[in-house]
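S.K.: dropping a prediction and its sequence here:
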Amino acid sequence: MKRSLFVASSISAALAACAPIGTKLNDSGFHKVLSGAEGLNHLVLGTHGLAKEYAESDVDKDFRMNGFSTPSDANYNRLQNGNFRDYRLVIDGAVERRQTFTLDRLRAMKQQTQITRHDCVEGWSAIGKWRGVRLSDLLDAVGPRSDARYVVFHCMDVSPDNVPYYESLDLQQAHHPQALMALDLNGRALDPDHGAPVRLRVPTQLGYKSAKWVNRIELVGSYRNLYSGAGGYWEDQGYEWYAGI
Amino acid sequence: MALGTKVYRNSIPTRLTHWLFFIAFLALVSSGLEIFNAAPYLDASDKSNPAKRVLSIDSTDSHVGQTTIFGHTFTTTGFLGFGDDGMGGRTDRAFPGWLTIPAYQSLADGRRWHLFFAWVMVICGAVYFIAGFTRGNLKELVLRREDLPKILPMQLYYFRLRKEPPPHGTYNPLQKVAYTLVLFVFAPLLVLTGLALSPGFDSMFHPITAVFGGRQFARLWHFVIMLMLIGFFVTHISLVATQGVINQMKSMITGWFKLGKHDGVGI
């Protein structure tokens, strides 16, 4: 019996060592090994199929805000006070025809409505009715050059530590039929907290991919030389670039 | 075979995957709790819905830790809701730092650990099943019809209400119940409920997510199955600790197991 008591206590000691050992490893080169799983997830899961589309009755009338609240910088305030009349969406970079879109021009294009679930990386989900222009229609309008591999979304908000928000998709993800530049949420123009006047919606990936307050879409060959080089604001803080899981 | 006879019980794939399962399970539980902390509630619905909340762990403005299960609130300050921040202090967080990897709160790192060791678990599982089927030793621990009448006598023996266990092979009928449930029910469900949380997986296989009641419900199932597997894990370790721990550990390291009075061989 003494022996089993000894074993029980050594097992408890081993379990208690779990968090400290894990934390040490987390702060070591082992972190790079852990991150290797992302490539496998991207390879195995990828971006296929269509996100489930829900019924009108499933919609969260009071859709939970994700990420940061309304940008407080002067430029955004000016646009907001002018009801976004002066807003322009620029699409440039590795494209055949650089283009500028006003809100009126975006609204005049073919609109898609989708009632899809927003899955936050934190674990919560909410369902919204989104309406806007398919990203692939915008890409068709500018014509990606052959050296374009990624679509980078530049946003009008700056984080509390003064880093601009940005995100990126590869061309296959950007051409997904449900990748949307949303203008409306639940039947009304987007409000500032939800990304007014234009935000990205990528229902096949976690919420942080769906960048708000987008005012420039840049096509690039690589995102490595942008900001910290991981392809997005949250990616630069250690989150996965492939956010399908 | 007689008492004290040594038999080669655990093959190399069994032993190797056993210890990798052990490491991966600890890493998955502690990083899973870290991930839970980012949204410390579980809802029995597809989207988040406070009206269908089954469990929540939070704290009041005055840092009183609160755990609410099916509407019943318990004060859990110091452990759940408010406790160890993993950096020597205390803070508002669902599961304390000494239970999570990393100890400090980092959803990004918790996810890296979880998604890495999920692969370790799945790959080990595949090796284990393939080796078990081809070598035939999986048969020894799967519950069969003829084991069913022996379950109650075995339980009575464990409760010391019966002198001798019913005659059995390598594993007794209760062990077979536990192993069969873990290998063929809990493990696959754990993987599927985890995948159901992924928007990429959901886009391809929404019917599977729907079977579990949707994404948030799958998150609840994932948590419940984890609790069941912790139950198995604790039982398994305490049985190993009381049933000749040196012999048991040796058999999982060298493969050789010394037969006891009641140990059978084969199926």
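M.R.: Yep, it's here.
S.K.: CA atoms for contacts and neighbours, from now on please.
M.R.: Fine.
S.K.: quick one: the helices in the chain, in order.
M.R.: Since no chain was named, I'll use chain A. Along chain A, the stretches classed as helices by DSSP state H are A:2-16, A:18-26, A:30-35, A:37-44, A:74-81, A:103-108, A:135-142, A:171-174.
S.K.: was after chain B, sorry
M.R.: Along chain B, the stretches classed as helices by DSSP H are B:12-38, B:107-135, B:148-158, B:173-181, B:187-195, B:199-204, B:206-211, B:215-242, B:245-253.
S.K.: out of the ones you listed, which one sits most buried?
M.R.: Most buried of the helices of chain B, by mean neighbour count (mean count of other CA atoms under 10 Å in any protein chain shown): helix B:199-204, with a mean of 25.
S.K.: how about the helices of chain A in TSV, adding mean pLDDT?
M.R.: Listed next are the helices of chain A as TSV, based on pLDDT from 0 to 100:
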stretch	mean pLDDT
helix A:2-16	69
helix A:18-26	93
helix A:30-35	96
helix A:37-44	96
helix A:74-81	93
helix A:103-108	98
helix A:135-142	98
helix A:171-174	98
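S.K.: I'd like those as JSON lines, with mean neighbour count and distance to B:Ile35 appended.
M.R.: Shown next, in JSON lines, are the helices of chain A (neighbours: other CA atoms under 10 Å in any protein chain shown; distance: least, CA to CA, whole Å):
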{"stretch": "helix A:2-16", "mean neighbour count": "13", "distance to B:Ile35": "19"}
{"stretch": "helix A:18-26", "mean neighbour count": "19", "distance to B:Ile35": "14"}
{"stretch": "helix A:30-35", "mean neighbour count": "15", "distance to B:Ile35": "16"}
{"stretch": "helix A:37-44", "mean neighbour count": "16", "distance to B:Ile35": "17"}
{"stretch": "helix A:74-81", "mean neighbour count": "14", "distance to B:Ile35": "34"}
{"stretch": "helix A:103-108", "mean neighbour count": "14", "distance to B:Ile35": "39"}
{"stretch": "helix A:135-142", "mean neighbour count": "18", "distance to B:Ile35": "31"}
{"stretch": "helix A:171-174", "mean neighbour count": "18", "distance to B:Ile35": "26"}
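S.K.: export the ones you listed to CSV and tack on distance to chain B?
M.R.: Output for the helices of chain A, formatted as CSV (distance: least, CA to the nearest CA, whole Å):
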stretch, distance to chain B
helix A:2-16, 5
helix A:18-26, 4
helix A:30-35, 5
helix A:37-44, 5
helix A:74-81, 29
helix A:103-108, 27
helix A:135-142, 18
helix A:171-174, 11
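S.K.: in chain A, where is pLDDT below threshold?
M.R.: For chain A, the stretches with pLDDT under 70 are A:1-4, A:6-8, A:11.
S.K.: could you rerun that using 80?
M.R.: Along chain A, the parts satisfying pLDDT under 80 run over A:1-16, A:159-161.
S.K.: for B:His206, give me the pLDDT.
M.R.: Looking at B:His206, its pLDDT is 96.
S.K.: ok, it - contacts?
M.R.: B:His206 is in contact with A:Ala51, A:Lys52, B:Ala196, counting by CA atoms under 8 Å, 6 or more residues apart in numbering or on different chains.
S.K.: the first one: neighbour count?
M.R.: Translated: A:Ala51. A:Ala51 has 24 neighbours, counted by other CA atoms under 10 Å in any protein chain shown.
S.K.: same check on the second one?
M.R.: As a burial measure, the neighbour count of A:Lys52 was computed by other CA under 10 Å and equals 18.
S.K.: which strand residues bridge A:Pro144?
M.R.: Beta-bridge partners of A:Pro144, counted by DSSP bridges, are A:Val95.
S.K.: A:Val220 is in contact with that one, correct?
M.R.: No. Using CA atoms under 8 Å, A:Pro144 is not in contact with A:Val220; the gap is 9.3 Å.
S.K.: shared neighbours, the two?
M.R.: Contacts common to A:Pro144 and A:Val220, judged by CA under 8 Å, 6+ apart, are A:Ala94.
S.K.: care to break chain A down by domain?
M.R.: A:1-35, A:51-237 (automatic domain parsing).
S.K.: for the stretch 151-267 of chain B, give me the ranges with low pLDDT.
M.R.: Within the stretch 151-267 of chain B, the stretches with pLDDT under 80 are B:265-267.
S.K.: interface residues of it facing chain A?
M.R.: Neighbours of chain A within the stretch 151-267 of chain B, by CA under 8 Å from any CA of the partner chain: B:195, B:197-204, B:206, B:215-216, B:238, B:241-242, B:245.
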